[in-house]
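Asks: After the sequence you'll find the predicted model.
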Amino acid sequence: LPLLILLSILVVFMVLAALYESWATPFAVMLVVPLGLIGAVCAVFIADMSNDVFFRVGMITIIGLSTKNAILIIEFARQLRMQGMDIFSAILLASR
C-alpha cells in the first residue's frame, strides 16, 4: 500500500507539473494530500473497519479528490490576485 500511494502521488504531481508547466503550483496543490490521507486513515481506524482492497482504492480516490479541490482553490486565488487583490485576502476568499 505505501508504494502504491507514493506512486499515485508521484503520477499526480507529474501530470500537474506538465499541465501548469511549473513546479510551484503542483507543489502547493499536493500539500493538501497528506491531510486527506491522514483523515481517511484515522476515520477507518476509529470506525474499526478493515484494511481491504476497497480501502486502498479509496485512498487513491482521496488523492484525486483532494487534489481537485486544491486546484479549484488555487486557481480562484490566482484569478483574484490578477484582479489586484492582495495575496492574503485572495487566499482567504478562495478558501471560503
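Replies: Perfect, thanks for sending it.
Asks: any idea which residue sits dead centre in the chain?
Replies: Residue closest to the mean C-alpha point of the chain, counted by C-alpha atoms, centre = their mean, is Thr67 at 2.9 Å.
Asks: That one and Met14: what is the separation?
Replies: 12 Å (C-beta to C-beta, to the nearest Å). The way it works is simple: take the backbone N, C-alpha and C, and place the C-beta from them, glycine included.
Asks: residues touching the residue nearest to the centre of the chain, list them.
Replies: 12, 16, 29-30, 32-33 (C-beta atoms under 8 Å, 6 or more residues apart in numbering).
Asks: a markdown table for these, including distance to Ile63 and secondary structure?
Replies: Output for those, formatted as a markdown table (distance: C-beta to C-beta, whole Å; DSSP: H, G, I helix; E, B strand; the rest coil):
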| residue | distance to Ile63 | secondary structure |
| --- | --- | --- |
| Val12 | 6 | helix |
| Leu16 | 12 | helix |
| Val29 | 11 | helix |
| Met30 | 9 | helix |
| Val32 | 10 | coil |
| Val33 | 6 | helix |
